[in-house]
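Student: Here is a sequence together with a model predicted from it:
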Amino acid sequence: MNWKLEITDNPGFYKGKEYFVRFNNFDSTVSRYRGIDVNSEEKGGSILTLSMQVQIKHGWLSI
(Lines give C-alpha, C1' and ligand atoms only; values in the text may rest on other atoms or scores of the structure.)
Protein backbone atom coordinates (compact mmCIF):
# COMPACT_ATOMS: atom_id res chain seq x y z
CA MET A 1 0.00 0.00 0.00
CA ASN A 2 1.24 3.47 -0.87
CA TRP A 3 -0.18 6.73 0.37
CA LYS A 4 1.02 10.24 1.01
CA LEU A 5 0.00 12.73 3.69
CA GLU A 6 0.03 16.30 2.47
CA ILE A 7 -0.31 19.05 5.03
CA THR A 8 -0.78 22.47 3.51
CA ASP A 9 -1.81 24.62 6.46
CA ASN A 10 1.14 25.77 8.61
CA PRO A 11 3.43 22.77 7.88
CA GLY A 12 5.96 23.53 10.65
CA PHE A 13 3.24 23.29 13.30
CA TYR A 14 2.69 19.57 12.62
CA LYS A 15 6.31 18.43 13.00
CA GLY A 16 6.62 15.70 15.65
CA LYS A 17 2.85 15.43 16.15
CA GLU A 18 0.79 12.24 16.24
CA TYR A 19 -1.53 11.42 13.34
CA PHE A 20 -4.50 9.10 13.10
CA VAL A 21 -5.45 7.51 9.80
CA ARG A 22 -8.78 5.80 9.24
CA PHE A 23 -9.41 3.47 6.32
CA ASN A 24 -12.92 2.95 5.01
CA ASN A 25 -14.40 -0.51 4.72
CA PHE A 26 -12.98 -2.08 1.55
CA ASP A 27 -16.25 -3.65 0.35
CA SER A 28 -18.31 -0.48 0.71
CA THR A 29 -15.62 1.63 -0.97
CA VAL A 30 -15.35 -0.74 -3.92
CA SER A 31 -19.15 -1.02 -4.27
CA ARG A 32 -19.38 2.73 -4.90
CA TYR A 33 -17.40 2.27 -8.11
CA ARG A 34 -19.33 -0.67 -9.58
CA GLY A 35 -21.19 1.66 -11.94
CA ILE A 36 -18.08 2.84 -13.81
CA ASP A 37 -18.45 2.61 -17.59
CA VAL A 38 -15.29 1.62 -19.47
CA ASN A 39 -14.99 2.39 -23.18
CA SER A 40 -11.97 2.02 -25.46
CA GLU A 41 -11.08 4.47 -28.18
CA GLU A 42 -11.82 3.20 -31.68
CA LYS A 43 -8.44 4.34 -32.98
CA GLY A 44 -6.34 3.01 -30.12
CA GLY A 45 -7.29 0.09 -27.91
CA SER A 46 -4.81 1.11 -25.22
CA ILE A 47 -6.77 4.28 -24.41
CA LEU A 48 -9.69 3.79 -22.03
CA THR A 49 -12.36 6.30 -21.11
CA LEU A 50 -13.86 5.90 -17.64
CA SER A 51 -17.14 7.56 -16.72
CA MET A 52 -19.78 7.27 -14.06
CA GLN A 53 -22.78 9.09 -12.61
CA VAL A 54 -23.07 9.78 -8.90
CA GLN A 55 -26.09 11.01 -7.02
CA ILE A 56 -25.60 14.33 -5.27
CA LYS A 57 -27.92 16.33 -3.03
CA HIS A 58 -29.93 17.91 -5.85
CA GLY A 59 -29.59 15.45 -8.73
CA TRP A 60 -26.95 13.50 -10.65
CA LEU A 61 -23.37 14.39 -11.52
CA SER A 62 -21.54 12.86 -14.49
CA ILE A 63 -17.85 12.31 -13.90
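Tutor: Sure, I can see it.

Student: Where do the strands of this structure begin and end?
Tutor: Using DSSP state E, the strands found in the chain span residues 37-40, 48-51, 53-56, 59-62.

Student: Would you mind saying which of the ones you listed lies nearest residue 13?
Tutor: The closest of the strands of the chain to residue 13 is strand 53-56. By Cβ to Cβ, the value is 34.0 Å. Using the backbone N, CA and C atoms, a C-beta is placed for each residue, glycine as well.

Student: Could you give the average pLDDT over the closest one?
Tutor: The average pLDDT for strand 53-56 rounds to 76.

Student: Direction included, what does it pair against?
Tutor: strand 59-62 (antiparallel) (DSSP bridges).

Student: I'd like to know the average pLDDT value across the strand it pairs with.
Tutor: 75.

Student: hang on, the earlier thing: now mean neighbour count and distance to residue 27 too, for the strands of the chain, in JSON lines please.
Tutor: Shown next, in JSON lines, are the strands of the chain (neighbours: other Cβ atoms under 10 Å; distance: least, Cβ to Cβ, whole Å):
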{"stretch": "strand 37-40", "mean neighbour count": "10", "distance to residue 27": "21"}
{"stretch": "strand 48-51", "mean neighbour count": "10", "distance to residue 27": "21"}
{"stretch": "strand 53-56", "mean neighbour count": "10", "distance to residue 27": "18"}
{"stretch": "strand 59-62", "mean neighbour count": "8", "distance to residue 27": "23"}
